[in-house]
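Asks: model the following, please.
(chains A and B)
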Amino acid sequence: MKKARNLFKLVFPSRSSNESFARTAVAAFVAQLDPTMDELADVKTAVSEAVTNCIVHAYKDTIGLIYITARIFEDGNIDILIKDRGCGIRDIKKAMQPTYTSSTTDERAGLGFSVMEAFMDTLTVRSKIFSGTSVYMSKQIKRK
Amino acid sequence: MRTITSRFEDEVLTVYLETDIDHHNAMQLRTEIDAEVARYRPKMVILNFDAVGFMDSSGIGLIIGRYKLLQEAGGKLKISALNNRCKKMIDISGITALVGIE
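Replies: From the prediction side, this is the model:
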């Protein structure tokens, strides 16, 4: 288990007004690795998708806490854990299918997980019904 | 605080999106765009992304929603002034098959 060079934890309620703050906070932290604009934007977008899932799905008609842990490693790798204690995902495989959405009200494209997969190097989703979901992503920031 | 500005000329409504596009802003963007479309009943709507610094897949939902509404009214939708970031999201979404890109 490799040791992180640096890390931060963030906890905030699942209000949509926190989406911009959360992605900007993670981007500000990752900035210390001197990433390219594209790498930073990729991370911001992936975090935005994961946080939105917590707000729209995990805590659908309620407000709960979202927990973000981000770590930086010596080799320039970063990982981000986005965790909620919301309703959980019954069928993770189905949820991760492109364009699948369980939302019936908003105009949701169902692309959240697809975007996370495309913009990050790894994506792992764990969930337990009525207990919560953990979304774990990592990305290698290229050395210059 | 308005999220769009617009210009209507020769049956074409150009909507300039003025904010980041995420889940939080999408509802207001949707309301304002649809109000302009209802007001002018254009034959074509162009969504201009010049001022959009950030977009996640909520933007794709927004575009698809406008496309469907316009289609029902017999109108067309185009997207213009995409920067590289927005272009990456749009390419991944596959909506380029649906919507014209300028």
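
Asks: quick check: beta-bridge partners of A:Leu7?
Replies: On the basis of DSSP bridges, A:Leu7 takes part in beta bridges with A:Arg71.

Asks: what sits against it?
Replies: By CB atoms under 8 Å, 6 or more residues apart in numbering or on different chains, A:Leu7 lies in contact with A:69-72. Using the backbone N, CA and C atoms, a C-beta is placed for each residue, glycine as well.

Asks: tell me how far it lies from A:Val30.
Replies: 12 Å (CB to CB, to the nearest Å).

Asks: overlap of the contact sets of these two?
Replies: Listed as contacting both A:Leu7 and A:Val30 by CB under 8 Å, 6+ apart are A:70, A:72.

Asks: check contacts around residue 21.
Replies: All of this refers to chain A. A:Phe21 makes contact with A:Phe12 under the criterion CB under 8 Å, 6+ apart.

Asks: should've been chain B
Replies: Neighbours of B:Ile21 in contact, by CB under 8 Å, 6+ apart: B:29, B:52, B:54-56, B:58-59, B:62.

Asks: closest to chain A among those?
Replies: Closest approach between those and chain A, by CB to the nearest CB: B:Asp56, at 4.3 Å.

Asks: quick check: buried residues in the longest helix seen in chain B?
Replies: When chain B is parsed with DSSP state H, its longest helix is helix B:23-40. Within helix B:23-40, the residues scored as buried using 16 or more other CB atoms under 10 Å in any protein chain shown are B:23-26, B:29-30, B:32-33, B:36-37.

Asks: partners of the helix or strand just after it in the sheet?
Replies: The helix or strand immediately downstream of helix B:23-40 is strand B:44-48, counting by DSSP states H and E. Partners of strand B:44-48 in the sheet, by DSSP bridges, are strand B:12-17 (parallel), strand B:76-80 (parallel).

Asks: can I get the first one as CSV, trimmed to CA atoms?
Replies: Think strand B:12-17. Extracted C-alpha coordinates of strand B:12-17, given in CSV (Å, rounded to 0.1, in the frame of the first residue of the first chain):
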residue,chain,number,x,y,z
VAL,B,12,-32.7,32.1,-36.3
LEU,B,13,-32.4,32.4,-32.5
THR,B,14,-28.8,32.5,-31.4
VAL,B,15,-28.5,31.7,-27.6
TYR,B,16,-25.2,32.7,-26.0
LEU,B,17,-24.7,30.5,-22.9
